[in-house]
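> okay, predicted coordinates and the sequence, questions at the end:
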Amino acid sequence: MIIKKAEYIISGTKIEHFPKLDYPQFVFMGRSNVGKSSLLNAFVNRKNLAYTSSKPGKTITINFYNINDTFLFVDVPGYGYAERIKYDRLMYGKMIESYLKYAKNLVNCFLVVDARHKPSEDDVLMFNYLKHLNKRIIIIVTKIDKISKTELQKNLFIIKNTLDLKEDNLIFPISSEKRLGITALQDYIESKIA
């Protein structure tokens, strides 16, 4: 996939804030600090499309990005950040729920998990919630360059078991830093918008 255009459009917290563009949408969700921003930047081969932060839990809005005037990437706030007060976590949950229930043209949800860790309880809850909403779920496993190939295979097995993945659940192992797996992800998205 050749990325000719990648631009931030808008951030919002309510349905009325969301863009009215009639493009296919791909939403990225995962716990705070899992590497969603780095993944989006690697996908479009830019360093600053989505801002990365050393402080987890900084994203507090749903962010929309226009890719090639063809489809939208949607980045939702990370979940599971312990320092957020309960009210904030509830507010973010409702904001994500409203997006998922009313988003037009949502092709699939990318659930992003860290290759180094077993999926958290929040990851399992989100996966099951997406299944309950009958969303197409694709698993992206980030930071694969941080562990050995043997450890990666072991952890992929743990991820599949923890999330109770079926044969039709796709998994993309990715290293944003080394751009491993990015082409496969681009090819997948291209096949969905063709």
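Nice, thanks for sending it over.

> all the helices of the protein, residue numbers only.
Assigned by DSSP state H, the helices in the chain fall at 36-44, 86-102, 121-132, 149-162, 182-193.

> of these, which stretch is the most buried?
The highest mean neighbour count among these, using mean count of other CB atoms under 10 Å, belongs to helix 36-44: a mean of 23. Glycine gets a C-beta too; all of them are placed from N, C-alpha and C.

> which one is residue 171 nearest to, not counting chain neighbours?
Leaving aside its sequence neighbours, residue 171 sits nearest to residue 139 (CB to CB, 6 or more residues apart in numbering; 4.6 Å).

> report the contact partners of the spatially most central residue of the chain.
Taking CA atoms, centre = their mean, the centroid of the chain lies closest to residue 28, which sits 2.0 Å from it. Contact partners of residue 28, counting by CB atoms under 8 Å, 6 or more residues apart in numbering, are 36, 39, 40, 73, 74, 75, 76, 110, 112, 140.

> in strands, which of the residues you listed appear?
The strands, defined by DSSP state E, take in 73, 74, 75, 110, 112, 140 from the contacts of residue 28.

> in space, what's closest to the first one - neighbours in sequence excluded?
Spatial nearest neighbour of residue 73, excluding adjacent residues (CB to CB, 6+ apart): residue 65 at 4.3 Å.

> likewise the third one?
In space, not counting the residues next to it along the chain, residue 75 is nearest to residue 63; the distance is 4.5 Å by CB to CB, 6+ apart.

> what pairs with that neighbour across the strands?
In this entry, residue 63 is beta-bridged to residue 11, residue 75, by DSSP bridges.

> isn't it right next to residue 37, touching?
No. Judged on CB atoms under 8 Å, residue 63 makes no contact with residue 37 at a distance of 9.2 Å.

> now do the shared contacts for those two.
Joint contacts of residue 63 and residue 37 (CB under 8 Å, 6+ apart) are 50, 75.

> state the pLDDT value of the nearest residue to residue 182 once chain neighbours are set aside.
Closest residue to residue 182 apart from its sequence neighbours, by CB to CB, 6+ apart: residue 42 at 5.4 Å. The model reports residue 42 with a pLDDT of 94.
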